[in-house]
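Engineer: What follows is a predicted protein model with its sequence.
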Amino acid sequence: MLRQAKLVSGIDRATLCDAVLVRGVAVDRLREIEGIWRSRRDESLFSGVDDFVWNWENKVEDIDSGVMLLSELRCNDMPQGAIAVSTRYRNSKCDERNHVLYVEYLENAPWNIKGNASGVSEYLGVGILLIAEAIEISLTRGLNGRIALHSLPQAEPFYRDKCRFTEFGPDASESGLVYFEYSEPQARSHLLRVGSFL
């Protein structure tokens, strides 16, 4: 499934660039993405950026078997970000009577991360659009937009402040990572904020 989107240029912070969200990405494409990102991750490690802990190659089996669904955000024929959601729902902490779609992994391309080796993010808004993609998947699966995730420490301000998730604090069962969740109203609010970019 393809869906048109817009990203903001990180160079002038004003120019809108055409992008596309691709849902249901196959493992062959995942390997391509990992190959494209790998060398740029290595470059960025020297700039003090420590976001690069996801090894997408480890997700191949889960994506191939259907345990996870992978979406890619592509602009200028390059992968700008990717998100993997679980096809096995979890119980909501906002409303224990309901389930949530769980975001397993979300990553920006190395050149889009603040503090990358070049000092300028090529595109802005990648993470926001990938969260919107997870909400859309939740909607199509009858979960009313509810999503949840555990955040890496450096991404907590993004989920807390930019996305406005409800924060539930560190989760001992997930190595102390902080758990975040969107209720149905929060998810709809996020889609309204993203609006013209999708």
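Structural biologist: Nice, thanks for sending it over.
Engineer: partner residues bridging the closest residue to R13 other than its chain neighbours?
Structural biologist: Distances taken as CB to CB, 6 or more residues apart in numbering place L124 nearest to R13, at 6.8 Å, with adjacent residues excluded. The C-beta positions use only the backbone N, C-alpha and C, and glycine is treated the same way. Beta-bridge partners of L124, counted by DSSP bridges, are V8.
Engineer: Settle this for me: L124 is touching L7, isn't it.
Structural biologist: Yes. L124 lies in contact with L7 (CB atoms under 8 Å); the separation is 6.9 Å.
Engineer: Give me the more crowded residue out of the two.
Structural biologist: Remark: of L124 and L7, L7 carries more neighbours, 25 against 16, as counted by other CB atoms under 10 Å.
Engineer: dump the residue contacts of the more buried one.
Structural biologist: Under the criterion of CB atoms under 8 Å, 6 or more residues apart in numbering, the neighbours of L7 are L16, C17, A19, L73, C75, Q80, Y123, L124, G125, V126, L129, F197.
Engineer: out of these, which are buried?
Structural biologist: C17, A19, L73, C75, Q80, Y123, L124, G125, V126, L129, F197 (16 or more other CB atoms under 10 Å).
Engineer: The fourth one and R193: what is the separation?
Structural biologist: In other words, C75. C75 is 20 Å from R193, where distance means CB to CB, to the nearest Å.
Engineer: Next: L143.
Structural biologist: 20 Å.
Engineer: Look up the residues forming beta bridges with the residue nearest the centre of the chain.
Structural biologist: Closest to where the C-alpha atoms of the chain average out (CA atoms, centre = their mean) is L106, at 3.3 Å. With DSSP bridges as the criterion, L106 is bridged to I83.
Engineer: After the helix or strand of the chain with the lowest mean pLDDT, which helix or strand is next?
Structural biologist: Every helix and strand of the chain was ranked by mean pLDDT, DSSP states H and E. The lowest is helix 27-45, at a mean of 82. For helix 27-45, the following helix or strand on the C-terminal side (DSSP states H and E) is helix 60-65.
Engineer: And the residue lying farthest from the centre of the chain, what's its pLDDT?
Structural biologist: In the chain, the residue that sits farthest from the middle, by CA atoms, centre = their mean, is R97; the gap is 25.7 Å. Confidence at R97, expressed as pLDDT, is 94.
Engineer: And V53, by the same measure?
Structural biologist: 51.
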